[in-house]
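Q: Everything below, folded, please.
(one chain, ligands or ions: 2)
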Amino acid sequence: MALAHTLGFPRIGRNRELKQALEAYWQGRLDEAGLRALGRSLRAAHWQTQRDAGIELLPVGDFAWYDQVLAHSLLVGAIPRRFRPADGPVTLDTLFAMARGTGTRALEMTKWFDTNYHYLVPEFSADQQFRLSWEQLFEEVAEARQLGYRVKPVLLGPLTYLWLGKARGDAFDRLELLERLLPVYGEILGRLAALGVEWVQIDEPILVLDLPQAWKSAFEQAYHLLQQAPLKKLLATYFGALDDNLGLAANLPVDGLHIDLVRAPQQLAGVLDRLPPYKVLSLGVVNGRNVWRCDLEQALQPLRMAAERFAERLWVAPSCSLLHSPLDLAQEDGLDAELKGWLAFAVQKCREVALLARAVEEPGAPEVRVALAESRSAQETRRQSPRIHKPAVQARLQGLAASDWQRPTAFSERIGQQHAQLELPAFPTTTIGSFPQTADIRQARQAFRRGELDEAGYRAAMQAQIRRAVEVQERLGLDVLVHGEAERNDMVEYFAEQLDGYAFTRFGWVQSYGSRCVKPALIVGDIQRPRPMTVEWIRYAQGLTGKPMKGMLTGPVTMLMWSFPREDLPREQQALQLALAIRDEVQDLEAAGIRIVQIDEAAFREGLPLRQAERGHYLDWAVRAFRLCSAGVRDETQIHTHMCYSEFNDLIEAIAALDADVLSIEASRSQMELLEAFEAFAYPGEIGPGIYDIHSPRVPDREEMLALLHQAAERIPPERLWVNPDCGLKTRGWAETEAALANMVAAAQALRASR
Ligand code: GLN
Ligand code: ZN
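A: Numbers count the residues shown, from 1 in each chain. Ligands and ions are numbered 1, 2, ... in the order given. Next up is the predicted model:
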């Protein structure tokens, strides 16, 4: 009998109850008992939902107050001293302090593999000790068992946990901590066994990465030690193929292995070959990271193959935790029936998993036959729908020529023409695009959406915001202005809403970090731009000033990375379709007299594949997509791009290949050190390294920014240096924004005077 299980379930709740409760607790509107009660009711509801959908073995330990990696740090007692003065008790407030930095610096946050979920980076010191310090997992196991559920606790594996962490203070190899960490794992497993747990799921997703030899060896050492624990272990891998780690993963002394066949279907044959048949094989055949209905027939093939060898030791699951998919499609009341028929959220994915398990067992069962027929017809309508396949878009892509990716003149020549026509001073000052998104902007947008404000009223309100932004920038003496992006709710959604081929959900929330959720748009079909998207606003803004006004767009890679992509078309094709739409917008802006166009690629780095060997291919198409949108302009039109992070070492070549004229990056917190890489590469373009951190309300003074500029000028030829903040200012207030920009302009002036 194939067993249906899940690796984890969304914890946020149908109406984002967890978010509301967390925020209420932080603001003192809800007490701890209230928060804990809410957590209990969410967990109970989620177990029941999965059970009702046919999941036989339910995850526990996937619920977290803020983040599962943070919860794990508490569990094993990796709590930096600053959060626990005098070795006091570990409480819920310790957890929130680590997450949010109340009173002290929070843990760092970073992306969970290649998802848009963020985890809190464990911090280890050289003298790190581990100790079981948090009871939540055991309490939840007891809770689930009391409710009568058969559960499988989910535990982050010791190697992945150490890999995800960071050494603080004196440099040391965090692998050295393994020996100290393992006894705590032994203790945890012992406690779980004592609670009557039969199976535990140990997540080791780093097995899909390129691992140093020392880490591979450490796996063997670690799991041999954990072997003694008196319960069965399912080693879970996801987000890619095991590849060179296959032999290692297959032969560790554990009782089962989960693999991701959605991201890496090709690994099945190798796994069938190498995994000892007395182990459990769990196949992740339903995509846990996207919103599309599973093609049941296709998913059944690997299951049938595996069933021959593994028989009752075959398990069926989503590819990864369902944390990364929205909760329940049934809530969506605004989607048409056809589109809804193509989708599946977490609840529906559980049903798919259960159905597949049943189909392996009894292919002829009536409910299996019905489900397969439905699945087949959903796939079929999708394959044929004109809503998805647009011959004009495909023909245009087919017809592209090399010249479409290539600006006609080299940077070294065209930059002179740009300088001549823009007439900017040395060290030109600018901002990244957005100005404060104040309450009145949000109110106007809401009123417009609800129909309480008509289009003319809305336009007038936004134009007033643009006038304000332009007036401030002129008064402060900035050189290249922006319109401020008041009309944009979000840098992706704003464009997605205006493109054909996108769809939107009402409740498709996915946790991003803590109480923050995002609701990515869905790329449903071929992308087309029916009409200009930004030209009216930018033209209006340019009409208010004699200074150059930047046209502001979101790039194709970022549009793709922050949406739910299609599964029936390679990512690269989707990026190129987006690029064509943006290209048309760039062209229209140029025709409207806009001399500078900025195409933001905030998520360029995020698309990097986890494996080194796959990076070249990604960078190749990502660069091509950017060039496709930007290369159609005249020599004197200046193309800017912006990326908001500061690790560039492995990306400089690709970024140079974008062939943008000006690049702005986040740099203030890294003290301009990142410019070394640009210098070493002899990066040809102009650069604006951010000289103040927009994530904080602090207003840096002129001297601080001037010092950063002097450092930058040592690495970047002065004639190629721009002056700007790290990123957009939409989360800031006006007062601090004006003060900081005034100091920034003063710093640029001081630099000019000193040269
Ligand atoms: N132009 C955008 C803004 O200023 C860029 C945001 C981003 O890079 N994340 O808000
Ligand atoms: Zn940014």
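Q: dump the residue contacts of the residue in the stretch 451-600 of the chain that ligand 1 sits nearest to.
A: Using C-beta to the nearest ligand atom, the point where the stretch 451-600 of the chain gets nearest to ligand 1 is residue 600, with a distance of 4.6 Å. All C-beta spots, glycine's among them, are computed from the backbone N, C-alpha and C. Listed by C-beta atoms under 8 Å, 6 or more residues apart in numbering, the contact set of residue 600 reads 432, 433, 491, 552, 553, 554, 555, 558, 641, 642, 643.
Q: If we use 7 Å, what do you get?
A: 491, 553, 554, 555, 558, 641, 642 (C-beta atoms under 7 Å, 6 or more residues apart in numbering).
Q: before we move on, what about residue 66?
A: 95, 96, 99, 514.
Q: now swap in residue 221 and tell me
A: Applying C-beta under 7 Å, 6+ apart, no residues contact residue 221.
Q: Pull the strand or helix carrying it out as CSV, backbone CA atoms only.
A: Counting by DSSP states H and E, the element that carries residue 221 is helix 213-226. Output of helix 213-226 as CSV, limited to C-alpha atoms (Å, rounded to 0.1, in the frame of the first residue of the first chain):
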residue,chain,number,x,y,z
GLN,A,213,34.2,16.6,0.5
ALA,A,214,34.5,17.3,4.2
TRP,A,215,30.7,17.8,4.4
LYS,A,216,30.0,14.7,2.5
SER,A,217,32.1,12.6,4.9
ALA,A,218,30.4,14.3,7.8
PHE,A,219,27.1,13.0,6.6
GLU,A,220,28.3,9.4,7.1
GLN,A,221,29.7,10.1,10.5
ALA,A,222,26.6,11.9,11.7
TYR,A,223,24.1,9.4,10.5
HIS,A,224,26.0,6.5,11.9
LEU,A,225,25.8,8.1,15.2
LEU,A,226,22.1,8.8,14.9
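Q: hmm, who's touching the helix or strand just after that helix?
A: Beyond helix 213-226 on the C-terminal side, the first helix or strand identified by DSSP H and E is strand 232-236. The contact list for strand 232-236 (C-beta under 7 Å, 6+ apart) reads 7, 198-204, 249, 252, 254-258, 280, 282.
Q: Now intersect those residues with the strands, please.
A: Counting by DSSP state E, the contacts of strand 232-236 place 199, 200, 201, 202, 203, 256, 257, 258, 280, 282 in strands.
Q: and ligand 2, which of those contact it?
A: Among these, no residue is within reach of ligand 2 (C-beta under 5 Å from the ion).
Q: out of those residues, who's nearest ligand 2?
A: Distance to ligand 2 across the ones in strands among the contacts of strand 232-236 (C-beta to the ion) is lowest for residue 203, with 31.2 Å.
Q: residue contacts, the closest one?
A: The neighbours of residue 203, taking C-beta under 7 Å, 6+ apart as the test, are 154, 156, 157, 160, 236.
Q: what are the bridge partners for it, then?
A: Here residue 203 sits in beta bridges with residue 156, residue 236, as judged by DSSP bridges.
Q: And the pLDDT at it?
A: Per-residue pLDDT puts residue 203 at 98.
Q: Quick one: the contacts of residue 203 as JSON lines, columns for distance to ligand 2 too.
A: Listed next are the contacts of residue 203 as JSON lines, based on distance: C-beta to the ion, whole Å:
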{"residue": "154", "distance to ligand 2": "34"}
{"residue": "156", "distance to ligand 2": "30"}
{"residue": "157", "distance to ligand 2": "34"}
{"residue": "160", "distance to ligand 2": "29"}
{"residue": "236", "distance to ligand 2": "34"}
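Q: Wait, residue 289 touches residue 325, no?
A: Yes - applying C-beta atoms under 7 Å, one finds residue 289 in contact with residue 325, separated by 6.3 Å.
Q: what does the stretch 551-700 of the chain put close to ligand 2?
A: By C-beta under 5 Å from the ion, the residues of the stretch 551-700 of the chain that approach ligand 2 are residue 644.
Q: what residues are up against the residue in the stretch 551-700 of the chain positioned nearest to ligand 1?
A: Of the residues in the stretch 551-700 of the chain, the one nearest ligand 1 is residue 602, at a distance of 3.8 Å by C-beta to the nearest ligand atom. Residue 602 sits next to 558, 643, 644 when contact means C-beta under 7 Å, 6+ apart.
Q: Let's see that with 6 Å instead.
A: For residue 602, the contacting residues are 558, 644, by C-beta atoms under 6 Å, 6 or more residues apart in numbering.
Q: Dihedrals phi and psi, it?
A: In terms of degrees, to the nearest 10, the main-chain angles of residue 602 are phi -60, psi -30.
Q: State the distance from it to residue 441.
A: Distance, residue 602 to residue 441, using C-beta to C-beta, to the nearest Å: 21 Å.
Q: Can you give me the buried ones in stretch 617-626?
A: Along stretch 617-626, these residues count as buried under the neighbour rule (16 or more other C-beta atoms under 10 Å): 618, 619, 621, 622, 623, 624, 625, 626.
Q: now, among these, which is nearest to ligand 2?
A: Among those, and counting by C-beta to the ion, the member closest to ligand 2 is residue 626, at 15.6 Å.
Q: The closest one reaches residue 659, doesn't it?
A: No - assessed by C-beta atoms under 6 Å, residue 626 is found out of contact with residue 659, at 8.4 Å.
Q: low-confidence ranges in the stretch 301-450 of the chain?
A: Within the stretch 301-450 of the chain, not a single segment meets pLDDT under 70.
Q: where exactly do the helices run in it?
A: Taking DSSP state H, counting those that start in this stretch as the test, the helices found in the stretch 301-450 of the chain are 337-340, 346-361, 366-384, 391-398, 411-422, 439-450.
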